[in-house]
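S.K.: Predicted model and sequence below, questions to follow.
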Amino acid sequence: MKTVPVVIVGGGPAGIAAAVQLSRMGIETVLFEQEALGGLMREADWIENDPGFPSGIKGEDLARRFCESLEHRAVDTRKERVLALDYPPAGPAFTVATDRGRLAAERVIVASGTKPKSLPLFDRMDEAGRSHIYFDRTKIPAGGKRRVAVIGAGDIALDYALGLSLNPGHEVTIFCRAEKSRALDLLQERISRVRTIDLRLRSELDEVLSIPSGGLRLSGKSPAGRFSFETDDVLVAIGREPCKDFYTPQLLGLEGELIASELLFLTGDVKNGLRRQVGIAVGDGLAAAMAVAERRSEVG
């Protein structure tokens, strides 16, 4: 089994930044990403806190620029799903099993991001019902006239709603059980100006059913009493949690020790909680890459 100096798990901003920096320093790296490169950047309607783009930039456009950096550096990027990451007791390398093969790595940078939280209401649905439930804005069909219900009212939910509203055929309704949105005032103000977006606060779902038309019926409680709402699709945006599903139990137990030894690095959203920002993730990736180079230099 081949051993490479560094494996990066995840191709979002942290993983891409780390890969580009390692390439600059001449360190062989393999980056694994099971979906499209760019991570949640691709989901963002508009990114406006990057000083390099004073007027802001669409998430898809910024992701494209990141990918161009990978291509420019000819980074070994593989569209593979990491199934298991382990660190055997005998060491001295990690083992990485993907859906296409296995390799070993001296060090691993985990940039796997987060996975969306769901609700039991949706998890209990049959396959036909779940086919109308999404956690990724870009997966919702773009053509035709569709009604989309967004569940949640934080920054991500409102940003998703704004992105969906750009399709002339989409009507978007946001359901939030809280009394007010937690999103930035700037996003709330923008939502208020879009005629095809309806924000419904203090609306708590308690039932989701498939309907003959092929969509879903959402039912629940609001200050005005019971409500029933029919929709083509549901986009769930109620929060996210670190994605470490590929860790073996052994690695989970050794994580702290491996991080302290600077063999394992957590970067970006997988470690930053609510601070899910492109700039923070990029900084994490660069710092991890530089630490890898320093440790390799010491060993050498």
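M.R.: Perfect, thanks for sending it. Numbering: from 1, shown residues only.
S.K.: so how far is stretch 113-131 from its chain's centroid?
M.R.: 16 Å (C-alpha atoms, centre = their mean, to the nearest Å).
S.K.: Can you give me the first-to-last residue distance of that stretch?
M.R.: 24 Å (C-alpha to C-alpha, to the nearest Å).
S.K.: what is the mean pLDDT for that stretch?
M.R.: Stretch 113-131 shows a mean pLDDT of 91.
S.K.: Any buried residues in it, and which?
M.R.: In terms of neighbour count (16 or more other C-beta atoms under 10 Å), stretch 113-131 has its buried residues at 113-114, 116, 121-122, 125, 129-130. For every residue, glycine as well, the C-beta is placed using N, CA and C.
S.K.: and of the residues you listed, the nearest to Arg295?
M.R.: Nearest to Arg295 among these is Gly113, at 24.3 Å by C-beta to C-beta.
S.K.: List the residues that contact that closest one.
M.R.: Contacts for Gly113 were tallied using C-beta atoms under 8 Å, 6 or more residues apart in numbering; they are 10, 12, 14, 39-40, 243, 268-270.
S.K.: min pLDDT across the residues you listed, which one?
M.R.: Leu40 (87).
S.K.: returning to that earlier point: quick one: which of the buried residues of stretch 113-131 sit in helices?
M.R.: 121-122, 129-130 (DSSP state H).
S.K.: re the thing from before, any chance of the contacts of Gly113 in TSV with distance to Leu103 and neighbour count as columns?
M.R.: What follows is the contacts of Gly113, written out as TSV (distance: C-beta to C-beta, whole Å; neighbours: other C-beta atoms under 10 Å):
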residue	distance to Leu103	neighbour count
Gly10	16	29
Gly12	21	30
Ala14	21	34
Gly39	22	29
Leu40	27	21
Cys243	21	17
Gly268	22	33
Asp269	25	29
Val270	21	24
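S.K.: and which of those residues is nearest Gly215?
M.R.: Nearest to Gly215 among these, with distances taken as C-beta to C-beta, is Leu40, at 26.6 Å.
S.K.: related to what we said a few turns ago, want to try a markdown table for the contacts of Gly113, with secondary structure as columns?
M.R.: Compiled in a markdown table, those are given as follows (DSSP: H, G, I helix; E, B strand; the rest coil):
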| residue | secondary structure |
| --- | --- |
| Gly10 | coil |
| Gly12 | coil |
| Ala14 | helix |
| Gly39 | helix |
| Leu40 | helix |
| Cys243 | coil |
| Gly268 | coil |
| Asp269 | helix |
| Val270 | helix |
